[in-house]
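J.: Mind folding the following:
(one chain, ligands or ions: 4)
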Amino acid sequence: SISAVDIENALDSDEICLWYQPIISLRNKHVIGYESLVRWQKADGQLVGALPIIKAIESARGDLEIRFGNWILQKSAQQISEWKTQDFFHDIHINISARHFLHPSFLQELHKIHTQYADACHSLIVEITESAMLDDMERARRIILRCQELGVRVAADDFGTGYSSLTYLKYLPLNSLKIDRSFVTDLPHNQVDRDIVSGIVSIAHALNLLVVAEGAENDDQLESLRALGCDQLQGYVISQPMPLEQVMPWHNLYK
Ligand code: G
Ligand code: G
Ligand code: MN
Ligand code: NA
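T.: Ligands and ions are numbered 1, 2, ... in the order given. Got it, this is the predicted structure:
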């Protein structure tokens, strides 16, 4: 299996990279942004997916999780500003671990980014998963507010699978929710999933949050999610995650 040292070496030798998956508006199908997802492209051509990478990073005892998260922040802000110079104006969603989000170095790095690339912050969305936030809700709340002061939006990832989703909504001033794929897979036929999605949408909209549906693989799911009131959608029906060099060519064909 992969060790933390393997990941450190891969970071140093530039083998860790971000792949991008589009997120569209369900109103007009236009692309709004891209979620960045980590990959390890080994020198021998082998591609390692996110799960083993994240597992190695989280099991490391040192500060690799922080170093890696800061690297993602830097990389994404750089990408947003590089795209802007090419008249390609799109949000980037990044995944940040709860441990990093709650660590002082997260806001330090975000302040740095705000100084270096001020307007990139307005195109950056930080996705966090629920459960670990519950340990220090007041701290999480303050960090979210600081993000928003810098123009950065915050989304709850994998929404609905945590055991206290509604507590989360009560205390955290989020910008959006990403409905977990497990509620999407059996649409449009599953009545329970339809009711759950429509309930999440009502609560989210009452709280002024946008709803992103994840993991839609076909048009029936897409149409169902639109009919249920979701705002945005991400999934293989639009595109799988792709390497950076494929993003603009894909985008131009999609239009
Ligand atoms: O891309 P893929 O479907 O393999 O991602 C699997 C999981 O890994 C998802 O839960 C995703 O949130 C997580 N993940 C992908 N990229 C990153 C990243 O850059 N940082 C963190 N913390 N998690 C990531
Ligand atoms: O947990 P998070 O939402 O960050 O992870 C997104 C993960 O979901 C990525 O690993 C991505 O590859 C995967 N994914 C995105 N769209 C689809 C889809 O339509 N079907 C499936 N099975 N996985 C998807
Ligand atoms: Mn995510
Ligand atoms: Na998710």
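J.: who touches the lowest-mean-pLDDT helix or strand in the chain?
T.: Every helix and strand of the chain was ranked by mean pLDDT, DSSP states H and E. The lowest is helix 165-171, at a mean of 88. Here helix 165-171 makes contact (Cβ atoms under 8 Å, 6 or more residues apart in numbering) with 130, 133-134, 137-138, 140-141, 156, 159, 162, 174, 203-204, 207, 209. In this view, the C-beta of every residue, glycine as well, is placed from N, C-alpha and C.
J.: what's the answer for stretch 209-220, then?
T.: By Cβ under 8 Å, 6+ apart, the residues outside stretch 209-220 that reach it are 23, 26, 155, 158, 169, 174-181, 184-185, 187-188, 197, 200-201, 204-205, 222, 225, 229-238.
J.: 7 Å - rerun?
T.: For stretch 209-220, the surrounding residues in contact (Cβ atoms under 7 Å, 6 or more residues apart in numbering) are 23, 174-181, 184-185, 188, 200-201, 204, 222, 225, 230-237.
J.: on that earlier part again, in PDB, list the C-alpha atoms belonging to the least confident helix or strand of the chain.
T.: Taking C-alpha atoms only, helix 165-171 is exported to PDB below (Å, rounded to 0.1, in the frame of the first residue of the first chain):
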ATOM      1  CA  SER A 165     -26.800  16.800   8.900                       C
ATOM      2  CA  LEU A 166     -29.500  19.000  10.300                       C
ATOM      3  CA  THR A 167     -27.400  20.100  13.300                       C
ATOM      4  CA  TYR A 168     -24.800  21.000  10.700                       C
ATOM      5  CA  LEU A 169     -27.300  23.200   8.800                       C
ATOM      6  CA  LYS A 170     -28.500  24.800  12.000                       C
ATOM      7  CA  TYR A 171     -25.100  26.100  13.100                       C
END
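J.: Could I get the average pLDDT for the host helix or strand of residue 37?
T.: Per DSSP states H and E, residue 37 falls inside strand 31-41. For strand 31-41, the mean pLDDT works out to 98.
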